[in-house]
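Enquirer: okay, here's the prediction I keep looking at, along with the sequence it came from:
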Amino acid sequence: MSDVKCRRPRGKELDPFTRSLALRWGTMMSRCYNQNRSKYKYYGARGIKVCEDWHDIRIFAKW
């Protein structure tokens, strides 16, 4: 998984769309790569992966 983190300046709130997008991206990545997640067995354990480009949340957001 990429080392890219979704960071924002202190004291600055994310708009609802950006917050939702970041949550969806993180959940998707977690399902495919985090063996401790309950849904991993349905995704990562079955060999389902996220395309390399989408490991960067900025590229995922542009799509």
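Expert: All right, it came through fine.
Enquirer: going forward, measure contacts and count neighbours with C-alpha atoms only.
Expert: OK.
Enquirer: got the phi/psi numbers for Cys51?
Expert: Cys51 has phi and psi values of phi -60, psi 150 when expressed as degrees, to the nearest 10.
Enquirer: what's the local residue count around it?
Expert: A count of nearby residues for Cys51, using other Cα atoms under 10 Å, gives 9.
Enquirer: quick one: it from Tyr33, how far?
Expert: Taking Cα to Cα, to the nearest Å as the criterion, Cys51 is separated from Tyr33 by 12 Å.
Enquirer: before we move on, what about Ala45?
Expert: 9 Å.
Enquirer: ok, Asp15 next?
Expert: According to Cα to Cα, Asp15 stands 27 Å off from Tyr33.
Enquirer: more neighbours: which of the two?
Expert: Tyr33 (19 against 8).
Enquirer: what's the pLDDT at the more buried one?
Expert: pLDDT, Tyr33: 97.
Enquirer: what of the one 10 residues further on?
Expert: Turning to Tyr43, the model gives it a pLDDT of 98.
Enquirer: residue contacts, it?
Expert: Arg31, Cys32, Lys49 (Cα atoms under 8 Å, 6 or more residues apart in numbering).
Enquirer: phi, psi of it?
Expert: For Tyr43, the backbone dihedrals (degrees, to the nearest 10) come out as phi -120, psi -80.
Enquirer: for the longest helix along the chain, buried residues please.
Expert: For the chain, the longest helix by residue count, based on DSSP state H, is helix 16-33. Neighbour counts over helix 16-33 (16 or more other Cα atoms under 10 Å) mark Ala22, Trp25, Met28, Met29, Ser30, Arg31, Cys32, Tyr33 as buried.
Enquirer: understood, closing this out.
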